[in-house]
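Participant: Have a look at this fold, sequence not included:
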């Protein structure tokens, strides 16, 4: 993905899913959720991918200018309606990662943008 000039990716959100081979609607649902998330302010883009060794393992990766933009996107009506039901099927693990453009995991409060 190409980041627009002047934009800095500060947060990567990696959401993984375990999808049975019988779940034929997952890809359509995931693509719709990804489109909705990418339309939110602060989202710089995203991708949906399938693991090359385990075809039941999928990942949705989005890039955000800051963690606040990502978190605010989750409260938007269209995200709650179309993306949250899919996201509730995700593997239960941490999803938001700071990028290496600065000091990582520093103690204290973060600027939520």
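Facilitator: All right, it came through fine. Just so it is clear, the structure is predicted and the values come from calculations on it, not from any experiment.

Participant: can you give me the mean pLDDT across the longest helix along the chain?
Facilitator: Looking across the chain with DSSP state H, the single longest helix is helix 26-38. Over the span of helix 26-38, the pLDDT mean works out to 97.

Participant: which is the next helix or strand following it?
Facilitator: Where DSSP states H and E defines the elements, the next helix or strand beyond helix 26-38 is strand 43-50.

Participant: So which residues make contact with the helix or strand following that following strand?
Facilitator: Going down the chain from strand 43-50, the next helix or strand is strand 57-64, by DSSP H and E. With contact meaning C-beta atoms under 8 Å, 6 or more residues apart in numbering, strand 57-64 is reached by 1, 3, 9-19, 26, 30, 33-34, 37-38, 42-51, 70. All C-beta spots, glycine's among them, are computed from the backbone N, C-alpha and C.

Participant: The same query, at a cut-off of 6 Å, please.
Facilitator: With C-beta atoms under 6 Å, 6 or more residues apart in numbering as the test, strand 57-64 has contacts from 9, 11-17, 19, 34, 37, 42-51, 70.

Participant: One more: stretch 14-31?
Facilitator: Contact partners of stretch 14-31, identified using C-beta under 6 Å, 6+ apart, comprise 48, 56, 58-61, 86, 90-91, 95.

Participant: Run through this protein and note the low-pLDDT ranges.
Facilitator: By pLDDT under 70, the weakly predicted segments of the chain are 1-8, 101-113.

Participant: Excluding chain neighbours, give the residue nearest to residue 55 in space.
Facilitator: Among residues not flanking residue 55 along the chain, residue 21 sits closest, at 7.0 Å (C-beta to C-beta, 6 or more residues apart in numbering).

Participant: ok, the one you found - how many residues close by?
Facilitator: Counted with other C-beta atoms under 10 Å, the neighbours of residue 21 add up to 8.

Participant: swap in the one 3 residues further on?
Facilitator: Summarising burial for residue 24: neighbours were counted as other C-beta under 10 Å, giving 9.

Participant: roughly how far apart are the residue nearest to residue 55 and residue 32?
Facilitator: 20 Å (C-beta to C-beta, to the nearest Å).
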